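1. Predicted model, plus sequence, below.
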Amino acid sequence: MNKFLRFDWYTLSIYLLLVGIGLVNIYSAVYDVDNTAISTGFMQKQLIALGIGIVLIFLFQFIDIKFFERYASILFMLSILSLLGLWIFGREVSGASSWYAIGGFSLQPSEFAKVAVALAIAKYLGGFNTRIDRVKDYVGALVIIVIPSILTIAQPDPGTAIVLLGFLFVLHAEGLPSYFIYTLLLLFGLFILTLLIGANFTLITIGVLLLFTYIYRRWRKVKKALRFVLLIGIMGAAFTLSVSYIFDNIFEQRHRDRFNILLGKEVDVQGVGYNINQSQIAIGSGGGLGKGYLQGTQTKGGFVPEQQTDYIFTTVAEEWGFLGTALVLGLFMMLINQIVKTAYKQKTTFSRVFCLGFACILLIHVGVNLGMVVGLVPTIGIPLPLMSYGGSSLLAFSIFMGIYLRVYYQRIQ
Amino acid sequence: MRTRFFTTATAFVGSVLFIRLFFLQILSDQYDDLSLKNSVLKQYVYPERGYVFDRNGTLLVSNQPMYDLMLIPKNLKAFDTLDLCDMLRLPKSKLVEIINKAQRYSLRAPSVLLNQISKQDYAILQEKMWKFPGMYIQRKSVRNYQTKVASNLLGYISEVNNFDIRNNPYYVKGELIGRQGIEKTYEKILRGTKGISYLQRDKFNRIIGPYKDGTLDTLPIPAQDITLSIDIELQEYGTRLLENKRGGILAIEPNTGEILMSVSTPTFDPNALVGRDRSAFFEELKQDTLNRYLFDRSLQGQYAPGSPFKVLNALVALEEGVVDSNTKFTCYSGHYYARNQFMACMCPSGTKNNLNRGIYKSCNTYFSNIYRRIIDKGNKVEENINTWYKHLNSFGLGNYLGYDHPVGQPGFIPNANFYNLWYPNQRWRGSTIVSNAIGQGEILMTPIQLANLATTIANRGFFYTPHFVKEIQGDFIDPKYKTKRVTSISKKHFTNVIEGMADVVSKGTARVAAIRGIEVCGKTGTIENFTKMDGVRTQLTDHSVFIAFAPKDNPKIALAVIVENGYWGARWAAPIASLVIEKYLKGEVKRRWLENRMLNGSLEAEYEKVTSNKPFTINE
């Protein structure tokens, strides 16, 4: 087949479209009539990052996938080192030391760690004798995920940690025993319930539910009915109590506020609920067709905080309306879908898992970021891929994209 | 391997977000308003408030600049608080309180530190403004009254309250509205229409430019000036004449219905209701329940009309044909109108009075008799009193006259229903209610109604609705002020009554009101009045009242004067009316002795009796 036609032009177009929409909206978000120097500065940095990203994508097309597979462990090690190095050389910005300052730029190693973890998991699962449903094998995979997560949570950067933990979904898709996901869902449910109605009521609820389960199991004459119920009950109770303890004693007030606002327990639009409220006003007031480019009153007035980075979607929503948001959302879904489709066309486990890792990262980023912006998820600081202002993020996703495109190109070989 | 997991998860996340976005952007509409409230500032451009002139073109009300000291807390630096407090006569604690409040409101948006600083203070402050960073002076416009009188007539403007805002969507908080007097009646004309410009603001409440490039903005429509029918010179003169007395004067130009003066005393300088001390002063005015500064006696004062009402009864009697001008009644220094019920009169015993003598001697007996004839005619009292009521109604009595000033009272004229309720079993007749014959009893009239009565008689049976407006710049005045209102009394009956009124001045009760070269017609009145003191109905010294018009033929001025507790009509009211007529028709007053007596005369001692807590005698 013609080399040229083997290339995934479709995905590259979506990538370019999303980056382009991102640039246009970053410009609007930072636009200041009286001080064009500011907006020019923002645009310059972002364009430089994009330039480097496109060059990397181009270069990666000439590197064999085997190269990445071979050096995945080393890249992973380097990534862990770069995260550790933050303790010594990191620059602290608003309470988190997540950046290296290099010249006039700052680099965020945790963004690149996502690529490294994706490669490492892919290599690990692609190992000659690895079977994910075996305990000793999946423990290894879990370690690869958990180590960088712990390092990022310590910065503290819980957003990136959540994204990294999302690789669990890749393991799930690859055949990790399903009780991992069930336990995860159960714990999540208990977590929300504890915050919503308090530890005591949650314990009562657990008790009542388990009692019914027990009676049902006795009636159906299931063996060892009591042991199962007690196990679940003790685990649930322990988790509930620890959640309530962590929430009250370990979380900072700002974290508590975020959850309380999201769960509707507190309404404080001037204080901690400001972000969510303002971003929803911006999105809602965009309406069907938006207010027009550079015409967004919320955007111009700077009411939405961090609008060029984590909240860039509000600019799209306000100025382009439902038309714009549906387009962006659609593009992201098409992109993820295409990557997943590509994944299952691969012959090697390494390529497949890497693609799934990329898709998973994108899905979690989009889901959490947009979920936060529209008020479905608590405020967790992670950027919208390809669109948010921020060189490291754009660069990391460009690297992902470069490797992915090479994977696509090489699938038939 | 779970190959469908990611496809399903992607579809799930995508649909949840899609539905949420659809809900936020398409279905709910609350966010538009919230966003506008957030970021668009409506700024109003106010046209200058219209001027008010008197009938001769003298400027009465204009505008003057006032200055607000504004403050932006964020730009504030340490400054000499003592200096500022000294200059503004402000205690330091108050200053600190204001600054704290402003900081709580907004660090970056301006707040008022002190409003309505006068020109004098501004001059000093302006030189030192460089010492106070973070503060600046904002100019605004307030009313400037060019006269010291007519405060109730002109009214005042003040900030709109919640009630105004609820009732009239034009106004927003902080705007000014005509609150009383002409300012209120002609609010729409005097204020013009404000223009609106929409400005975009940012999260710090700072203005960052026009909204939608100003395409939604509107221009202000300028206000119109108003010329009043008031003669300010006459108004000032009347006010001086009534100094140290409580009372009112209301004069009307008979052939147009234009009100020439509307005096109510005691009064105050309208400029006192402008500026920083306004609230305190207003409270003071409001609290004074004895002088009742804010109560316009010429428009709102409801008094029993007393003897001037007799001419009305005469007109009704003539119209109803119960007497003619020659019908005579004998007066025995009064008469018994019922068993043991004697109404005294000033006539010597045995005097025979016809209509003419009845009027100029103000004979109570004569009018009691004709009133009883009106009411008892054919023994149909109910029908007769309602006829009488209808005649009085056509003079604008017992109801609001419809003039262009927001305050007023309807007065009161009783009818059959009223007495049927008052006297059960319909046991009442002319003699029961004979006090009405001489303007006492249940009847109540305001000075403007009295003046309008004089006008109607001067016009021989018609009047125009009295009004204060003469001209509106670039507009017409309400056509109802140009429409004749004809009474139900035939024109011919007025001749006799007018003769009587002329004789009142030439040889009757008000000879003091005669002016050389002008034939004045008038009617005096002495009104018995009562008040409640410690729950006891107590009679006070009579009110002195006088209605008049002049000259007799082709009258130029008709007026009513009432002086509270001034005793008999010719003592205060008639001379004052006469001086006003002389001033208006001749331009100057020749009778210095009378003028001085009125200007210097005071009834303060009379008014103090009531508050002295000591027993007192009346009518001395």
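-> It's in.
2. number of nearby residues for B:V322?
-> 19 (other Cβ atoms under 10 Å in any protein chain shown). In short, each C-beta sits where N, CA and C put it, glycine included.
3. How about the contacts made by it?
-> Applying Cβ atoms under 8 Å, 6 or more residues apart in numbering or on different chains, we find B:V322 in contact with B:I370, B:R373, B:I374, B:K377.
4. from the residues you listed, which is closest to chain A?
-> Distance to chain A across these (Cβ to the nearest Cβ) is lowest for B:I374, with 75.3 Å.
5. So which bits of stretch A:37-45 are buried?
-> Using 16 or more other Cβ atoms under 10 Å in any protein chain shown as the test for burial, stretch A:37-45 gives A:S39, A:F42, A:M43, A:K45.
6. cool, and stretch A:289-306?
-> So stretch A:289-306, judged by 16+ other Cβ under 10 Å, has buried residues A:290-291, A:295-304, A:306.
7. burial count for the residue nearest to B:I385 when sequence neighbours are not counted?
-> Nearest non-adjacent residue to B:I385, counting by Cβ to Cβ, 6 or more residues apart in numbering or on different chains: B:A416, 5.1 Å away. Counted with other Cβ under 10 Å, residues neighbouring B:A416 total 18.
8. swap in B:I99?
-> Using other Cβ under 10 Å, B:I99 is surrounded by 17 other residues.
9. and it, that one's in a helix?
-> Yes - looking at B:I99 with DSSP: H, G, I helix; E, B strand; the rest coil, it is inside a helix.
10. And the longest helix belonging to chain B, how far out from the chain middle?
-> Longest among the helix segments of chain B by residue count, using DSSP state H, is helix B:5-22. With Cα atoms, centre = their mean, to the nearest Å as the basis, helix B:5-22 stands 71 Å off its chain's centre.
11. helices or strands up against that helix?
-> Applying 3 or more Cβ pairs under 8 Å, 6 or more residues apart in numbering or on different chains; DSSP states H and E, one finds that helix B:5-22 contacts helix A:167-173, helix A:312-343, helix A:349-373.
12. Determine which stretch of those is the most buried.
-> Comparing the helices and strands packed on helix B:5-22 by mean neighbour count (mean count of other Cβ atoms under 10 Å in any protein chain shown), helix A:349-373 ranks first with a mean of 25.
13. That one to helix A:312-343, inter-axis angle?
-> If you take axes from the mean of the first three to the mean of the last three Cα atoms, to 10 degrees, helix A:349-373 sits at 160 degrees to helix A:312-343.
14. For helix A:349-373, name the packing helices and strands.
-> By 3+ Cβ pairs under 8 Å, 6+ apart, helix A:349-373 packs against helix A:65-89, helix A:109-125, helix A:158-165, helix A:167-173, helix A:312-343, helix A:391-410, helix B:5-22.
15. With distance to B:K173 added, can I get the helices and strands packed on helix B:5-22 in JSON lines?
-> Listed next are the helices and strands packed on helix B:5-22 as JSON lines, based on distance: least, Cβ to Cβ, whole Å:
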{"stretch": "helix A:167-173", "distance to B:K173": "55"}
{"stretch": "helix A:312-343", "distance to B:K173": "29"}
{"stretch": "helix A:349-373", "distance to B:K173": "35"}
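16. Turn these into JSON lines, including mean pLDDT.
-> Converted to JSON lines, the helices and strands packed on helix B:5-22 look like this (pLDDT from 0 to 100):
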{"stretch": "helix A:167-173", "mean pLDDT": "91"}
{"stretch": "helix A:312-343", "mean pLDDT": "95"}
{"stretch": "helix A:349-373", "mean pLDDT": "94"}
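17. mind checking how far B:R179 is from B:E159?
-> 9 Å (Cβ to Cβ, to the nearest Å).
18. before we move on, the earlier item: got a list of what the residue nearest to B:I385 touches?
-> Residues near B:A416 by Cβ under 8 Å, 6+ apart: B:V381, B:E382, B:E383, B:I385, B:N386, B:Y389.
19. Tell me which of the helices and strands packed on helix B:5-22 approaches B:N459 most closely.
-> For the helices and strands packed on helix B:5-22, proximity to B:N459 was assessed by Cβ to Cβ; helix A:312-343 is nearest, at 71.0 Å.
20. okay, the angle between that closest one and helix B:5-22?
-> Using the same axes, to 10 degrees: helix A:312-343 against helix B:5-22 is 160 degrees.
21. Helix A:312-343 and chain B, any residue contact?
-> Yes - using Cβ under 8 Å from any Cβ of the partner chain, helix A:312-343 reaches chain B at A:317-318, A:321-322, A:325-326, A:329, A:332-333, A:336-337, A:340, A:343.
22. ok, longest strand in chain A?
-> Secondary structure of chain A per DSSP state E: the longest strand is strand A:96-102.
23. which residues touch that strand?
-> Residues outside strand A:96-102 that contact it (Cβ under 8 Å, 6+ apart): A:82, A:85-87, A:89-91, A:93, A:106-110, A:152, A:155-157, A:160.
24. do that again at 10 Å, thanks
-> A:82-83, A:85-93, A:105-111, A:152, A:154-160, A:381, A:392 (Cβ atoms under 10 Å, 6 or more residues apart in numbering or on different chains).
25. In PyMOL, select just the buried ones from the residues you listed.
-> In PyMOL, a selection of the buried entries from the contacts of strand A:96-102 looks like this (16+ other Cβ under 10 Å):
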select buried, chain A and resi 82+83+86+90+106+107+108+109+110+111+152+155+157+158+159+160+381+392
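26. rewinding a little: which of the buried residues of stretch A:289-306 sits closest to B:G57?
-> Checking the buried residues of stretch A:289-306 against B:G57 by Cβ to Cβ gives A:T297 as the nearest, at 50.4 Å.
27. ok, back up a step: which one of B:R179 and B:E159 is surrounded by more residues?
-> Higher neighbour count among B:R179 and B:E159: B:R179, with 18 against 12, using other Cβ under 10 Å.
28. tell me the phi and psi of that one?
-> phi -100, psi -30 (degrees, to the nearest 10).
29. so what's it up against?
-> Applying Cβ under 10 Å, 6+ apart, the residues near B:R179 are B:G155, B:Y156, B:I157, B:S158, B:E159, B:V160, B:N161, B:D164, B:E187, B:L273, B:P406.
30. Scan those residues and report the most crowded one.
-> Neighbour-wise, those (other Cβ under 10 Å) top out at B:G155, 27 neighbours.
31. ok, now which ones touch the closest residue to that residue other than its chain neighbours?
-> Closest residue in space to B:G155, ignoring its immediate chain neighbours: B:G181 at 2.1 Å, by Cβ to Cβ, 6+ apart. For B:G181, the contact set (Cβ under 10 Å, 6+ apart) comprises B:52, B:150-157, B:262, B:270, B:296, B:299, B:405-407, B:468.
32. circling back to that earlier point, okay, the contacts of B:A416 in JSON lines with pLDDT next?
-> What follows is the contacts of B:A416, written out as JSON lines (pLDDT from 0 to 100):
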{"residue": "B:V381", "pLDDT": "89"}
{"residue": "B:E382", "pLDDT": "90"}
{"residue": "B:E383", "pLDDT": "92"}
{"residue": "B:I385", "pLDDT": "93"}
{"residue": "B:N386", "pLDDT": "93"}
{"residue": "B:Y389", "pLDDT": "95"}
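33. which of those lies closest to A:G286?
-> Distance to A:G286 across the contacts of B:A416 (Cβ to Cβ) is lowest for B:Y389, with 69.6 Å.
34. Distance-wise, check that closest one relative to chain A.
-> B:Y389 sits 65 Å away from chain A, going by Cβ to the nearest Cβ, to the nearest Å.
35. element containing that residue, please.
-> If you go by DSSP states H and E, B:Y389 is part of helix B:381-393.
36. can you check B:L90 too?
-> Using DSSP H and E, no helix or strand contains B:L90.
37. right, and it touches B:L113 too?
-> Yes - B:L90 is within contact range of B:L113, at 9.1 Å (criterion: Cβ atoms under 10 Å).
38. who touches both of these two?
-> Common neighbours of B:L90 and B:L113 (Cβ under 10 Å, 6+ apart) are B:L84, B:I98.
39. Nothing else from me, thank you.
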